[in-house]
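Colleague: need the 3D shape of this:
(4 chains)
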Protein chains: 2
Amino acid sequence: MRPAYQDIVDTITRRIASGVYRPGSRLPSEAQFCAEFRVSPMTLRRALNILLDQGLILAEKGRGTFVRPLGLTDCVFRLEDLEGGWVDESTSVRLLAASTTKASDRVAEKLALEPGSRVVYLRRLVLKGERPAMYHVEYVIFDPRRPLVESQLQITPLAGLLSGDRGNTFPRGTVTLRALSLSAEAARVLEEPVGAPALCLEHVFEDNERRPVSWGWFLLRADLFQLTARLGPEWQASQEVDRG
Amino acid sequence: MRPAYQDIVDTITRRIASGVYRPGSRLPSEAQFCAEFRVSPMTLRRALNILLDQGLILAEKGRGTFVRPLGLTDCVFRLEDLEGGWVDESTSVRLLAASTTKASDRVAEKLALEPGSRVVYLRRLVLKGERPAMYHVEYVIFDPRRPLVESQLQITPLAGLLSGDRGNTFPRGTVTLRALSLSAEAARVLEEPVGAPALCLEHVFEDNERRPVSWGWFLLRADLFQLTARLGPEWQASQEVDRG
DNA sequence: CAGTGGTCTAGACCACATG
DNA sequence: ATGTGGTCTAGACCACTGC
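Modeller: Numbers count the residues shown, from 1 in each chain, chains lettered A, B, ... in the order given. As a prediction, the model looks like this:
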């Protein structure tokens, strides 16, 4: 059985999408909706809450509920549906280099360390089949007391890094996405011409106390990876199925 | 007064973030939570629902609720908090060209038209102060019966396009983000060297019947624009304020 | 079978906006 | 004062899992 609140969400969504309720206009009051859909206030409220944090409507206490005008900027891109497919059977990871070095000023700053502190320097190449797809460079704080480093040094952890568990620590941090041109070194590794465009996914991971633990970036070949989002209201068909 | 469900959300979030509840482990049952927080099942459920669609927990009917392990791929980028700022006082739009032409094969395909149909061809430059920041190219279906075109031809509508109302139609469509190198023409317009990196934001807008209405793309100078996201649990401090 | 998540009711009370 | 959104209760019933 399909939940009542879900039907309500879909119905209102459909009305917004088809222009029955126009952008900026006021929706019927909760009491009216309760009467129309024959549900209790709580159930109706739940439906509205869903629409609310989908960003489709806008509620103002004491005034009413309104259809929220949408714009391009309401787009959200999810890294999980990055085209090209992050991880499948044909994906493999090659560890190009792993060593400890002294942190440069830049690295020290990013990791909130004293310049010259020892850090682990990692370079990995992710391949789709035989084809280089991403290049990953990472600096990890070297601290024997923190067990994070061990899992970082494994060759396989990238799959785990991308989707789920990094040791047992809850992943935290900031991720930044930008465009850039490949440096000579990156171009060689990725088998692309120097200056070819790429997406750069820079990350700073933190521990539970929000102290930086690692800094690094993925370079994604622009011809293999892109992010897609849909804009505007969507709903699932109610698909009632008869079971004689 | 702060809602009870919000306090519950924050408390559980804090426990997850600090490692009291570890990734993958089972949370206390709803009945136990109800007892601990002294609330009715509905209120507790509401808190769990919020955590659920924040992606922080995972519920399995009949089995229990679990802490969801997160990974890099759980990142979500919102176009609205693109660094560089889309639209503020210093933003202006310059219409470089507006004309009607016959649709090329490529344009016709994107807009689901017969090749050779008439389309409106627009080129706009968005400046931050005196500095070129984005270059926008767009092809719009030319159909006198659809009033969309008029608002498209205005010089100002870009602000409206980015955040809210496009005529009165609800915005729908698909948006794709990728990296590329500037063509000679784009480089000239953006006052950048040829081949400089840029973010490309391609869009297809649709009408209420989901037929394509316009196709185009924004080129964003890579040195001015980037997207940032935070990964992991966040919560707002409960900040009770005395008003003696 | 008991335990767990999931939905729903029929009210109550509050805070806020408007006339 | 009225209407609006927002929160909350104290139960009930169902579906699913696992012993």
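
Colleague: for chain A, which spans come out with low pLDDT?
Modeller: A:84-89, A:144-170, A:237-244 (pLDDT under 70).

Colleague: tell me the contacts of the residue lying closest to A:Leu113 once chain neighbours are set aside?
Modeller: Excluding its sequence neighbours, the residue lying closest to A:Leu113 (Cβ to Cβ, 6 or more residues apart in numbering or on different chains) is A:Ala103, at 5.5 Å. Heads up, the C-betas are built off the backbone N, CA and C, glycines and all. By Cβ atoms under 8 Å, 6 or more residues apart in numbering or on different chains, the contact list for A:Ala103 reads A:Leu111, A:Leu113, A:Glu114, A:Pro115, A:Gly116, A:Ser117, A:Arg118, A:Val119, A:Tyr139.

Colleague: which stretches in chain A count as helices?
Modeller: A:4-18, A:30-37, A:41-53, A:105-111, A:148-153, A:157-162, A:184-190 (DSSP state H).

Colleague: need those helices in CSV with mean neighbour count and distance to B:Ser99, can you?
Modeller: Shown next, in CSV, are the helices of chain A (neighbours: other Cβ atoms under 10 Å in any protein chain shown; distance: least, Cβ to Cβ, whole Å):
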stretch, mean neighbour count, distance to B:Ser99
helix A:4-18, 18, 32
helix A:30-37, 14, 48
helix A:41-53, 17, 41
helix A:105-111, 15, 48
helix A:148-153, 16, 56
helix A:157-162, 19, 46
helix A:184-190, 16, 39
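
Colleague: how about these in CSV, adding distance to DNA strand D?
Modeller: Listed next are the helices of chain A as CSV, based on distance: least, Cβ to the nearest atom of the strand, whole Å:
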stretch, distance to DNA strand D
helix A:4-18, 12
helix A:30-37, 4
helix A:41-53, 4
helix A:105-111, 39
helix A:148-153, 28
helix A:157-162, 24
helix A:184-190, 44
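
Colleague: output those helices in TSV; the columns should cover distance to A:Phe77.
Modeller: Formatted as TSV, these follow (distance: least, Cβ to Cβ, whole Å):
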stretch	distance to A:Phe77
helix A:4-18	21
helix A:30-37	33
helix A:41-53	18
helix A:105-111	24
helix A:148-153	27
helix A:157-162	16
helix A:184-190	22
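
Colleague: so who does the nearest residue to A:Glu234 once chain neighbours are set aside touch?
Modeller: Closest residue in space to A:Glu234, ignoring its immediate chain neighbours: A:Thr13 at 7.4 Å, by Cβ to Cβ, 6+ apart. The contact partners of A:Thr13, taken as Cβ under 8 Å, 6+ apart, are A:Leu51, A:Leu56, A:Pro233, A:Glu234, A:Trp235.

Colleague: pick out the most distant pair among those residues.
Modeller: A:Leu51 and A:Glu234 (12.0 Å; Cβ to Cβ).

Colleague: so A:Ala184 touches A:Gly195, yeah?
Modeller: No: using Cβ atoms under 8 Å, A:Ala184 makes no contact with A:Gly195, being 9.0 Å away.

Colleague: outline the domain layout of chain A.
Modeller: A:4-71, A:79-227 (automatic domain parsing).

Colleague: figure out which of the ones you listed is closest to DNA strand C.
Modeller: domain A:4-71 (2.6 Å; Cβ to the nearest atom of the strand).

Colleague: chain center to that closest one, what's the gap?
Modeller: Centroid displacement of domain A:4-71 relative to its chain, using Cα atoms, centre = their mean, to the nearest Å, is 27 Å.

Colleague: also stretch A:191-205?
Modeller: Computed by Cα atoms, centre = their mean, the chain-centroid distance of stretch A:191-205 equals 18 Å.

Colleague: just stretch A:124-144 next, same as before
Modeller: With Cα atoms, centre = their mean, you get 19 Å for stretch A:124-144.

Colleague: is that stretch positioned near chain B?
Modeller: No: using Cβ under 8 Å from any Cβ of the partner chain, stretch A:124-144 stays clear of chain B, coming no nearer than 10.6 Å.

Colleague: could you do stretch A:45-61 as well?
Modeller: Yes: residues of stretch A:45-61 contacting chain B under Cβ under 8 Å from any Cβ: A:Asp53.

Colleague: could I get the CA-only coordinates of that stretch as PDB?
Modeller: Extracted in PDB, the C-alpha atoms of stretch A:45-61 (Å, rounded to 0.1, in the frame of the first residue of the first chain):
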ATOM      1  CA  ARG A  45       1.700  18.400   7.500                       C
ATOM      2  CA  ARG A  46       4.000  15.600   6.800                       C
ATOM      3  CA  ALA A  47       3.400  15.900   3.100                       C
ATOM      4  CA  LEU A  48       3.900  19.600   3.200                       C
ATOM      5  CA  ASN A  49       7.200  19.100   5.100                       C
ATOM      6  CA  ILE A  50       8.500  16.900   2.300                       C
ATOM      7  CA  LEU A  51       7.600  19.500  -0.300                       C
ATOM      8  CA  LEU A  52       9.200  22.100   1.900                       C
ATOM      9  CA  ASP A  53      12.600  20.500   2.100                       C
ATOM     10  CA  GLN A  54      12.400  19.500  -1.500                       C
ATOM     11  CA  GLY A  55      12.300  23.300  -2.000                       C
ATOM     12  CA  LEU A  56       9.100  23.200  -4.000                       C
ATOM     13  CA  ILE A  57       7.000  25.300  -1.600                       C
ATOM     14  CA  LEU A  58       7.600  28.000   0.900                       C
ATOM     15  CA  ALA A  59       5.700  28.300   4.200                       C
ATOM     16  CA  GLU A  60       5.200  31.500   6.200                       C
ATOM     17  CA  LYS A  61       3.800  31.400   9.600                       C
END
